[in-house]
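**Student:** When you get a sec, could you give me coordinates for this:
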Amino acid sequence: MTSVTVGRRAVAVRRRGTKEGVTSQERDEIREEIRKLKVEVKKLHEANEILKAASDFFAGELDPRRRWSAGS
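**Tutor:** Numbers count the residues shown, from 1 in each chain. From the prediction side, this is the model:
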């Protein structure tokens, strides 16, 4: 079940005002999709922190105010 399907089902449930029609298998699939999405979010946050650190490093390397110490 994709996240789009999960979202559409959630909208349908809200419109009905009940959880009728949601099978235990569908509930398990939704829980699994949420678990996967949480793992993906965690990985993306970690990657973002690495990219921020790399950006800071390279920005410092390209800073013209640091050039005087490299060549003198």
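
**Student:** Could I get the full set of helices for the chain?
**Tutor:** Listed in chain order, the helices of the chain (DSSP state H) span 3-16, 24-62, 67-71.

**Student:** could these go into JSON lines alongside mean neighbour count?
**Tutor:** (Glycine included, C-beta is placed from N, CA and C.) Output for the helices of the chain, formatted as JSON lines (neighbours: other C-beta atoms under 10 Å):
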{"stretch": "helix 3-16", "mean neighbour count": "12"}
{"stretch": "helix 24-62", "mean neighbour count": "11"}
{"stretch": "helix 67-71", "mean neighbour count": "7"}
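
**Student:** Serialize those to JSON lines and add fields for mean pLDDT.
**Tutor:** Formatted as JSON lines, the helices of the chain follow (pLDDT from 0 to 100):
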{"stretch": "helix 3-16", "mean pLDDT": "70"}
{"stretch": "helix 24-62", "mean pLDDT": "94"}
{"stretch": "helix 67-71", "mean pLDDT": "53"}
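
**Student:** and Ala47, how far is that from Val41?
**Tutor:** Shown here: Ala47 relative to Val41, a distance of 11 Å by C-beta to C-beta, to the nearest Å.

**Student:** cool, Lys52 as well?
**Tutor:** Counting by C-beta to C-beta - Lys52 and Val41 are separated by 16 Å.

**Student:** Check Glu32 too.
**Tutor:** Note on Glu32: its distance to Val41, by C-beta to C-beta, is 15 Å.

**Student:** try Ile30
**Tutor:** Ile30 is 16 Å from Val41, by C-beta to C-beta.

**Student:** again with Gly60
**Tutor:** 29 Å.

**Student:** one step back: shared neighbours of Ala47 and Val41, anything?
**Tutor:** Counting by C-beta atoms under 8 Å, 6 or more residues apart in numbering, Ala47 and Val41 have no contacts in common.
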